[in-house]
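**Q** Structure of the sequence below:
(chains A, B and C)
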Amino acid sequence: MYPINTWYVAGTPADIQDKPLGRQICGQRMVFFRGADGAPAALEDFCPHRGAALSLGFVRDGQVVCGYHGLAVHSDGRCAHMPMQRVGGFPAIRSFPVVERYGFLWVWPGDPAKADAGLIPNFEWFDSPDWAYGGGLYHIQCDYRLMIDNLMDLTHETYVHATSIGQPEIEESLPTTKVEGEQVVTSRFMENIMAPPFWRAALRGNGLADDVPVDRWQICRFTPPSHVMIEVGVAHAGKGGYNAAPEHKASSIVVDFITPETETSIWYFWGMARNFNVKDAALTETIREGQGKIFAEDLEMLESQQRNLLANPERRILSLNIDAGGVQSRRILDRIMKEEQGAHAVA
Amino acid sequence: MYPINTWYVAGTPADIQDKPLGRQICGQRMVFFRGADGAPAALEDFCPHRGAALSLGFVRDGQVVCGYHGLAVHSDGRCAHMPMQRVGGFPAIRSFPVVERYGFLWVWPGDPAKADAGLIPNFEWFDSPDWAYGGGLYHIQCDYRLMIDNLMDLTHETYVHATSIGQPEIEESLPTTKVEGEQVVTSRFMENIMAPPFWRAALRGNGLADDVPVDRWQICRFTPPSHVMIEVGVAHAGKGGYNAAPEHKASSIVVDFITPETETSIWYFWGMARNFNVKDAALTETIREGQGKIFAEDLEMLESQQRNLLANPERRILSLNIDAGGVQSRRILDRIMKEEQGAHAVA
Amino acid sequence: MYPINTWYVAGTPADIQDKPLGRQICGQRMVFFRGADGAPAALEDFCPHRGAALSLGFVRDGQVVCGYHGLAVHSDGRCAHMPMQRVGGFPAIRSFPVVERYGFLWVWPGDPAKADAGLIPNFEWFDSPDWAYGGGLYHIQCDYRLMIDNLMDLTHETYVHATSIGQPEIEESLPTTKVEGEQVVTSRFMENIMAPPFWRAALRGNGLADDVPVDRWQICRFTPPSHVMIEVGVAHAGKGGYNAAPEHKASSIVVDFITPETETSIWYFWGMARNFNVKDAALTETIREGQGKIFAEDLEMLESQQRNLLANPERRILSLNIDAGGVQSRRILDRIMKEEQGAHAVA
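**A** Prediction:
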């Protein structure tokens, strides 16, 4: 169960640079490519001629051409051309609204009439020269909500990421969770602690001493359907913490776009945006590699959880204080899905 | 859905030279071996003793011996011997009519009473010293009819095989399709064109200039249930084309035997028979390797098509002019399967 | 179908030396670890917090700690501790009786109230300094009863293990099968034969001539639910056979503990106990390697049998003289399972 009248991240512009991209989103195989106007397009990955996957073909003049018999399809799903054939009577295939923004391709798998690019959340720092970004993509066999739970409760860092970003002080400081409209914010502040290895490296990367006490913060923001942005950072202790001046801190935003592939698998777009040393491409790559290793540590755990929940469908699990972020996020999702189904029932 | 009262290619004599061959045909696991009379035999691959696969055993004196406890089975399915046991009361296992012809093993998965070796199509050139043959076997996850479609419409060469046998002129010349009894023939003739790479090599292999215009032909013949022979060739332009004298052309027959393994997987026996330089074994191997690479290019496309059709069972696809060969072939198959089911209902 | 109110071998102490062991037994994922009292413990492999696999975590002070958020669970399944949480109201998870004996961990997957360590069969030689033991574990895709059949009928050695322990004389001497209470004993004695390769090596390993005739024996003992101990050996011919004095023979006990993972897969603990040269660790390892190779030869056969039986559920197979051991063992199992179901129906 996932909302469909909403925007999900489907990929990046690089994915469609040389050839079409085939990717299943919300149970629907889609082909992504760049149309004649240069804008990205998303269609069913199903050639109306004989059912082959269009993503195995190529792009010519902004049309995706089936690699089997050469049927070319416009970016709106209408058939454009086929050798020695009149295609006027050919059925169009379904197209999906798609928008390029923040360095990603965003797709709307539901009712196109409701698609509104204005509904894509505002992550203004993506387009700011004051920020640098690096990230990657993981394919994980779990319900997208298990990943939301994971990200809205960072006490797991103490255990899953014990050698990099975890530290006992995380689980010793209770987070607070607030619901702000359709957003959920879970915050945790730790004062006068020693930074763990990842943050020591970040302090050094920002030209700061790494062997002195720091204040550390984690502010997780859930935006439906499945975007979680986490402000994380450390400042030399006593300099104002989260509000410290830039020269006293190293901070960044953990970026998480979670896109359901099926009911029990996801495309997990992870990354980090930082606002220090933003021109240092080597640092971007170093951080990206480090984050990639850390985030890979979650995979086995999430997949074990999914297996256990599938094998025990009737079983209740607990919702503790630390789970409040995930619980509140799921409440918002439940309301959105209920509204979608109600609208569907009326229509 | 496939006919079962018919002959399919199951393998080659080499497959049963040293040991039994286990292969699933039309949903039935079978074991193939050579019986006491030297003729090939086909039985259920199921030992009547404890159900082990007979194909894991060995052949002794024309009996297949189970590799578990030594039950030996005659080539007609009757139990022949077991250490310290009387096997007179043991149940026989099912045997399938099997015939060795044209360098292949042909099996009849349906009613043995209807099996008639005379129904195996006549491919006389297989037994002629004027022809040389080389081929191979692919296992593909698709309905056998998708492969028939593929072979009865060679416009796909332009796209799938663009670098070897494809050329734009193929899709620019419409084929004609005729039904002749139970055969379907789709023909395409192209005149005064330059030969693509595969045919340039074939011209050279036949001692002919490869840099002059040629006439090219493709004549696809479907014979039920799933045999497609394709006469292909090029002749120096103006020498008579298909009917040119041998010294002006390079021609061959593409051989395709398609055997259902299950409803959605096939054993695809492909090969090429040629009537020039037939004693040149190195040329046979060169052609075989080239064809193997070219035919492997179809696999991904066919499997994507199968996945898409399974995921969209209700969906109609198109039947265009170029698809006439496949459409007519399927009509013949539908009629044969309807007759089989009618016969079954009466019986 | 398998009994559950009984003891199965789940693993060895080495499996839980450094970290918890996750293993599915009788359809239930379990986590094994050593509790505060040093005794082994077995729990559902399901964290009551969010359903993650506890076996991905670690052991601290005799509690298994979830690697996701740190919930610690006592060896009896009660929640012990979680950072910043009161766990008094947390639901306990299911625990399974488990006993360490004979160098193995034994688990009782059924009703704990009925678990009685006294029901573990008595294999006194495991604890005797006069015996040495080496063994291993295989995972096989078959019903546990197919492995019992395999071990209670050693005529298969002639075929499956032709190059090591098989010899024609096995199938030429009929075994006798007796039921003794809940045990089944199948015995075979062969006199004045030449020893096969494995036993020649064993004779040499015991300082005995290997090129003289021997008497050979195989005594298979089935104890429910799925333990098969096989006394095997050879003695120089005419020295009393099975009852020969130790200086004339090489003998050992083949140890087989078969534990259902699911209805169609098993954990197969195999090994060999011998009472000659027991301090020769190199000989133990040589025998273990040899046995491992021999026993691996059964896997493909058993899995082919399982595939065939699943594909032909209605099909009857034969029960011959040589199958009597397996047949009688299955009768005992059927009665035990019927009693379990009856008890369940009443309760």
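
**Q** Could you pick out the residues of chain A near chain C for me?
**A** Residues of chain A lying near chain C by CB under 8 Å from any CB of the partner chain: A:149, A:153, A:155-156, A:158-160, A:171-172, A:174, A:300-301, A:304-305, A:307-309, A:311-312, A:315, A:317-318, A:320-323. C-beta coordinates here come from the backbone N, C-alpha and C atoms, glycine included.

**Q** Quick check: strands, which of those are part of them?
**A** Cross-referencing the residues of chain A next to chain C against strands under DSSP state E gives no overlap.

**Q** Show me which of those residues are buried.
**A** Neighbour counting over the residues of chain A next to chain C (16 or more other CB atoms under 10 Å in any protein chain shown) leaves A:149, A:153, A:155-156, A:158-160, A:171, A:301, A:304-305, A:307-309, A:317-318, A:320, A:322-323 as the buried ones.

**Q** Next up, the contacts around the residue in the stretch 1-150 of chain A positioned nearest to chain C.
**A** Distances between the stretch 1-150 of chain A and chain C by CB to the nearest CB are smallest at residue A:149, namely 6.9 Å. Residue A:149 makes contact with A:323, A:325-326, A:329-330, C:50, according to CB atoms under 8 Å, 6 or more residues apart in numbering or on different chains.

**Q** The residues you listed: which two are farthest apart?
**A** Pairwise distances across the contacts of residue A:149 (CB to CB) peak at 14.2 Å, for the pair A:329 and C:50.

**Q** So what's the predicted local confidence for whichever residue of the stretch 151-300 of chain A sits closest to chain C?
**A** Distances between the stretch 151-300 of chain A and chain C by CB to the nearest CB are smallest at residue A:171, namely 3.7 Å. For residue A:171, the pLDDT comes out at 83.

**Q** which ones are touching it?
**A** A:155, A:158, A:322, C:69-70, C:83-84.

**Q** swap in residue A:102?
**A** So residue A:102 contacts A:123, A:126-127 (CB under 8 Å, 6+ apart).

**Q** Please pick the buried ones from the residues you listed.
**A** Buried among the contacts of residue A:102 (16+ other CB under 10 Å): A:123, A:126.

**Q** longest strand anywhere in chain A?
**A** Chain A, longest strand under DSSP E: strand A:249-262.

**Q** if you count what's nearby, which of residue A:329 and residue C:50 comes out ahead?
**A** residue A:329 (28 against 25; other CB atoms under 10 Å in any protein chain shown).

**Q** which residue sits closest to the more buried one, ignoring its sequence neighbours?
**A** Of all residues not flanking residue A:329 in the chain, residue A:222 sits nearest, at 4.4 Å (CB to CB, 6 or more residues apart in numbering or on different chains).

**Q** Which strand or helix spans the one you found?
**A** strand A:214-223 (DSSP states H and E).

**Q** neighbouring strands for that strand, and are they parallel or not?
**A** strand A:183-193 (antiparallel), strand A:227-236 (antiparallel) (DSSP bridges).

**Q** got the contact list for the shortest one?
**A** Just to be clear, that refers to strand A:227-236. Counting by CB under 8 Å, 6+ apart, A:121, A:123, A:148, A:151-152, A:154, A:195, A:199, A:202-203, A:208-209, A:212-223, A:241-242, A:244, A:248-258 sit against strand A:227-236.

**Q** Quick one, which of these are buried?
**A** Buried, going by 16+ other CB under 10 Å: A:123, A:148, A:151-152, A:154, A:195, A:199, A:202-203, A:208, A:214-223, A:241-242, A:244, A:248-258, out of those.

**Q** about what we covered before: out of the contacts of residue A:102, the closest to residue C:263 would be?
**A** residue A:123 (50.4 Å).

**Q** quick one on the thing from earlier: now the residue of the stretch 151-300 of chain A closest to chain C: closest residue in space, sequence neighbours ignored.
**A** Closest to residue A:171 by CB to CB, 6+ apart is residue C:83, at 3.7 Å.

**Q** number of nearby residues for that neighbour?
**A** 18.

**Q** ditto for residue A:333
**A** Neighbours of residue A:333 using other CB under 10 Å come to 21.

**Q** Would you agree it falls within a strand?
**A** No: counting by DSSP: H, G, I helix; E, B strand; the rest coil, residue A:333 is not found in a strand; it is helix.

**Q** As CSV, the contacts of residue A:149 with distance to residue A:142, secondary structure and pLDDT would be great.
**A** What follows is the contacts of residue A:149, written out as CSV (distance: CB to CB, whole Å; DSSP: H, G, I helix; E, B strand; the rest coil; pLDDT from 0 to 100):
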residue, distance to residue A:142, secondary structure, pLDDT
A:323, 16, helix, 92
A:325, 17, helix, 96
A:326, 13, helix, 96
A:329, 15, helix, 97
A:330, 14, helix, 97
C:50, 12, coil, 96
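
**Q** Mind giving me the packing neighbours of the longest strand of chain A?
**A** Counting contacts by 3 or more CB pairs under 8 Å, 6 or more residues apart in numbering or on different chains; DSSP states H and E, strand A:249-262 packs against strand A:8-11, strand A:21-25, strand A:132-140, helix A:144-152, helix A:197-205, strand A:227-236, strand A:265-274.

**Q** pLDDT value on the closest residue to residue A:302 other than its chain neighbours, please?
**A** Once flanking residues are discounted, residue A:302 sits nearest to residue A:142: 4.4 Å by CB to CB, 6+ apart. Per-residue pLDDT puts residue A:142 at 98.

**Q** Can you list phi and psi of residue A:142 for me?
**A** phi -160, psi 160 (degrees, to the nearest 10).

**Q** and if you look at residue A:64?
**A** phi -90, psi 130.

**Q** ok, now the one 10 residues further on?
**A** Note on residue A:74: backbone dihedrals following degrees, to the nearest 10 are phi -70, psi 160.

**Q** That one and residue A:64, how far apart?
**A** 9 Å (CB to CB, to the nearest Å).

**Q** Show me which of the two is the more surrounded one.
**A** Higher neighbour count among residue A:74 and residue A:64: residue A:64, with 30 against 19, using other CB under 10 Å.

**Q** The more buried one against residue A:54, yeah?
**A** Yes: with contact defined as CB atoms under 8 Å, residue A:64 and residue A:54 form a contacting pair (5.1 Å).

**Q** which residues are common contacts for the two?
**A** A:20, A:31, A:43, A:73.

**Q** Out of the residues you listed, which comes closest to residue B:283?
**A** residue A:20 (38.8 Å).

**Q** Count the residues that sit near the closest one.
**A** 24.

**Q** Cross-check the contact I'm expecting between it and residue A:64.
**A** Yes: using CB under 8 Å, residue A:20 and residue A:64 qualify as a contacting pair, with a distance of 5.4 Å.
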